[in-house]
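> Structure, please.
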Amino acid sequence: MNKNLIEENKNKPKDEIMKINEIYLVKPISSERYGKTDKFLFTFSMSGFTDPEWREIFVNNYDSDNIKFSGSELTITCKANELEQIVTQIKDAMSSANKVYKERKEKLLKEIELYNQKEKDLENKKKQEEYEVKEMFKNFKI
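The predicted structure is shown next:
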């Protein structure tokens with residue numbers, strides 16, 4: 001796990017880290033011809049905004065040459081007769097991305113808990129050492 005990611009999130013509440021909105025297509029918004037080609041731009045609203053990590057996971061599951069994310073919208077560039085098949089593939093890739101994204105968040109949470117426990121243990125060890133040194137020094141014979 002990326003240490004910077006742990007550092008960035010270590011003080012956040014668990015519910016903020018695990019706040020995950022599943023991303024899925026909601027409804028069609030618009031369609032228009034793509035220039036002078038036989039392709040169209042089909043725009044759909046999605047259930048929420050995608051962050052860079054989610055998009056990275058999605059791209060690993062779907063060849064993204066024909067799609068574009070913008071806010072909570074997804075635009076697909078394809079021929080009209082390809083749309084249904086592409087939407088099915090995108091829905092599958094979104095489902096996989098949602099699952100992997102959630103798993104990563106859960107893993108991050110576990111890593112943060114481990115990191116925080118190590119920090120706490122180190123602090124306790126230092127306090128114990130200070131106490132022992134004070135006791136030793138208090139009873140030091142010259």
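> packing partners for the top strand by length along the chain?
With DSSP state E applied, the strand covering the greatest number of residues in the chain is identified as strand 25-33. For strand 25-33, the elements it packs on are strand 40-46, helix 83-138, judged by 3 or more CB pairs under 8 Å, 6 or more residues apart in numbering; DSSP states H and E. All C-beta spots, glycine's among them, are computed from the backbone N, C-alpha and C.
> Going by neighbour count, which residues in stretch 52-64 are buried?
By neighbour count on 16 or more other CB atoms under 10 Å, the buried set for stretch 52-64 is 54, 57-58, 61-62.
> hmm, back to that, can you say which of the helices and strands packed on strand 25-33 is packed in most?
With neighbours defined as mean count of other CB atoms under 10 Å, these peak in mean count at strand 40-46, which reaches a mean of 18.
> about what we covered before: now tabulate the buried residues of stretch 52-64 in JSON lines and tack on pLDDT and distance to Leu83.
Compiled in JSON lines, the buried residues of stretch 52-64 are given as follows (pLDDT from 0 to 100; distance: CB to CB, whole Å):
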{"residue": "Trp54", "pLDDT": "92", "distance to Leu83": "23"}
{"residue": "Ile57", "pLDDT": "93", "distance to Leu83": "23"}
{"residue": "Phe58", "pLDDT": "94", "distance to Leu83": "18"}
{"residue": "Asn61", "pLDDT": "84", "distance to Leu83": "19"}
{"residue": "Tyr62", "pLDDT": "89", "distance to Leu83": "15"}
